[in-house]
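Engineer: after the sequence you'll find the predicted model.
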Amino acid sequence: MKIMFSILGEGRGHMTQAIAVKDMVERAGHQVTNVVLGMGQNRQVPSFFSSAMKLPITRIPTLDFSYKDSRKVNLPATLSGIARNIPTYRRGVQTLKAVVRENRPDVIVNFFEPLTGIYALTCRSRPPVVAVAHQFMLGHPDYVRAPGLRLQQFGLKWFVRMVGGASTRVALSLYEAPDLFGKRLTVCPPILRRQLFEMQPAPNGNFVLVYLLNHGYAEQIIRWHEKNPETRLHCFYDKPGAPAESRHDDTLTFHALDGEKFLRMMAECKYVACTAGFESLGEAAYLGKPLFLVPVENHVEQQINAIDAVRAGLGVADTSFNLDRLTELPERLDNAGFHAWLKRADSILLEALERAVHGTPAEPAHVFNLDTGESKIA
C-alpha cells in the first residue's frame, strides 16, 4: 500500500506515534509516500521528527489551542482564534486535497489532525482514512469519565467526532477493551517507537525526568527545586529559541525537545513527572517508571488522561508540580500485563489498515516482537 500520513503537531505524542507507524508499515512491506503536518503558527517542526520521517513535510495550519502565561488553555482566545482563522483553514483543506491528488495514496492515516477530519467529511472522491488517536476512546463505554466538566467534555466529544468523521477509527488504550465494529472503532494498544523497546531501564535511577507540554510550567519546577536542591531534575520543554541544554545549577537542567535523548533519560530515571500526554504515559508504563501527572490547566483531555492513568495504577495526579508527592510513588511499576497488551499493537493496526483498503486483513502480517526485537510473520 501507498500510505499518506497527516499528523497533528501539538506536543510530541502524535508525531512519535507516526514515527512508530512508519517503521511498522515499512517492515510489513508498505510505503509511506508523503507527510502532512498540522501545526499552529507559534510551533516549530522538531528536528527529531523531520529526521525520523526522512520525507518532505508539507506543513498546514490547523486548529490550535491558545494559552495563557504559556501554561493553561485560554478557551475564549482559542475559540476566537479558530473563528478568525477559518479562511486559513479552508486553504489548509485545499492544500490537503492537492497533496492527495499529486501522490494518490491508497490510504490516509490521520494522527488526529483536525483539518484532515474536515477533509474526510467533505470530500467524496478520496482514499479511505484511518484515524488513529487515544481520544477516540471517549466514545467507548469502558472509558473513564471526568467528574463535572460537562460542557468541556461535550465540546471535546464533538471535536473528536469531527476529527474521526467518515473514517475508520483506531482508539489507542492503556488497557484492553472490546472493539465496536458497528461504530467502526477498533481498540489498539499504545503505538510506541521501536527505539523504546531497545532500552534497558535502570533499576536504581537517581533523578526525576520532567516533561512539560508548555514551557510556562518551568516556573513551578524552579520554585520547587529551590526548596529541594538535593533532588536531581532533568526537564524537557517546548520553549521557542531555547538551547539544546541549559544548566540552571548542579541539580536542575533544562533540555529542548529531543526524542532520542528523552527516551534514553526516561530509561535511566527513577520517576517521570509530566503533563498528562498519552504518549508519555505509555512510554513510562512500558519502562516501569511511576508517574506524577499534572494535566494542563483547562485542558479537559489531559485531565481525563490523568484520571485514566491513575485508574490503571500508573501513578498519582495533582494540579501543580508539587513534587513532594513523589514520595507516594512505588519504586517501580508492575507492567507485565501492559507488556502483553503492547505486543498486539502491530497486528491490530495493520489489520485495520488492510480492512479499510481491501475489506479483509492482510495475510500474512509482519509483527514486531518486543522481547526479541525482531519482525516475524504472525
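Structural biologist: Arrived safely. Numbering: from 1, shown residues only.
Engineer: so what strands line up beside the helix or strand harbouring residue 109?
Structural biologist: Secondary structure assignment for residue 109, by DSSP states H and E: strand 107-111. Strand 107-111 has the following strand partners under DSSP bridges: strand 2-8 (parallel), strand 129-133 (parallel).
Engineer: past the shortest one, which element shows up next along the chain?
Structural biologist: Put plainly, it is strand 129-133. helix 150-163.
Engineer: what mean pLDDT does that following helix have?
Structural biologist: Averaged over helix 150-163, pLDDT sits at 90.
Engineer: next, count neighbours for residue 48.
Structural biologist: Using other CB atoms under 10 Å, residue 48 has 20 other residues around it. The C-beta positions use only the backbone N, C-alpha and C, and glycine is treated the same way.
Engineer: swap in residue 207?
Structural biologist: By other CB under 10 Å, 17 other residues sit near residue 207.
Engineer: so the nearest residue to it once chain neighbours are set aside versus residue 100, what's the distance?
Structural biologist: In space, and not counting its chain neighbours, residue 207 is closest to residue 232: 3.7 Å by CB to CB, 6 or more residues apart in numbering. Separation of residue 232 from residue 100 (CB to CB, to the nearest Å): 48 Å.
Engineer: show me which of these two is the more surrounded one.
Structural biologist: Each of residue 232 and residue 100 has its neighbours counted (other CB under 10 Å); residue 100 has more, 21 against 17.
Engineer: mind telling me what element the more buried one is part of?
Structural biologist: Assessed by DSSP H and E, residue 100 sits inside helix 86-103.
Engineer: which secondary structure element of the chain has the lowest mean pLDDT?
Structural biologist: Ranked by mean pLDDT, DSSP states H and E, the helix or strand of the chain with the weakest confidence is strand 366-368, at a mean of 41.
Engineer: double-check that residue 286 belongs to a helix.
Structural biologist: Yes - per DSSP: H, G, I helix; E, B strand; the rest coil, residue 286 lies within a helix segment.
Engineer: could you report the pLDDT at it?
Structural biologist: 97.
Engineer: distance of residue 299 from residue 128?
Structural biologist: Distance from residue 299 to residue 128, by CB to CB: 31 Å.
Engineer: swap in residue 270?
Structural biologist: For residue 270, the distance to residue 128 equals 45 Å [CB to CB].
Engineer: who has more neighbours, the two?
Structural biologist: A count of neighbours by other CB under 10 Å puts residue 270 above the other of residue 270 and residue 128, at 20 against 17.
Engineer: phi, psi for the more buried one please.
Structural biologist: For residue 270, the backbone dihedrals (degrees, to the nearest 10) come out as phi -90, psi -50.
Engineer: hey, where'd the helices end up in this protein?
Structural biologist: 13-27, 47-53, 75-84, 86-103, 114-122, 150-163, 194-197, 218-227, 259-268, 278-287, 300-311, 336-342, 345-358 (DSSP state H).
Engineer: deepest in the core, which of the ones you listed is it.
Structural biologist: Among these, helix 278-287 has the highest mean neighbour count (mean count of other CB atoms under 10 Å), at a mean of 25.
Engineer: what's that helix packed up against?
Structural biologist: Helix 278-287 sits against helix 13-27, helix 194-197, helix 259-268, strand 271-274, strand 291-293, helix 300-311, helix 336-342, with contacts defined as 3 or more CB pairs under 8 Å, 6 or more residues apart in numbering; DSSP states H and E.
Engineer: 6 Å instead, please
Structural biologist: helix 13-27 (3 or more CB pairs under 6 Å, 6 or more residues apart in numbering; DSSP states H and E).
Engineer: the helix holding residue 100 vs strand 2-8, what angle?
Structural biologist: Helix 86-103 and strand 2-8 are oriented at 160 degrees to each other (axes from the mean of the first three to the mean of the last three CA atoms, to 10 degrees).
Engineer: tilt between helix 86-103 and helix 114-122?
Structural biologist: 70 degrees.
Engineer: when you give positions from now on, start the count at 582
Structural biologist: In the new count, where the first residue is 582, that last one comes out as helix 667-684.
Engineer: may I have helix 667-684 as CSV, with CA atoms only?
Structural biologist: What follows is helix 667-684, C-alpha atoms only, in CSV (Å, rounded to 0.1, in the frame of the first residue of the first chain):
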residue,chain,number,x,y,z
ILE,A,667,-11.5,30.0,9.2
PRO,A,668,-10.2,31.3,5.8
THR,A,669,-6.8,30.0,6.6
TYR,A,670,-8.2,26.6,7.5
ARG,A,671,-10.1,26.4,4.2
ARG,A,672,-6.8,26.9,2.4
GLY,A,673,-5.3,24.2,4.5
VAL,A,674,-8.0,21.7,3.4
GLN,A,675,-7.4,22.8,-0.2
THR,A,676,-3.7,22.0,0.3
LEU,A,677,-4.6,18.6,1.6
LYS,A,678,-6.7,17.9,-1.5
ALA,A,679,-3.8,18.9,-3.7
VAL,A,680,-1.4,16.7,-1.9
VAL,A,681,-3.7,13.7,-2.2
ARG,A,682,-4.2,14.4,-5.9
GLU,A,683,-0.5,14.6,-6.5
ASN,A,684,0.5,11.5,-4.5
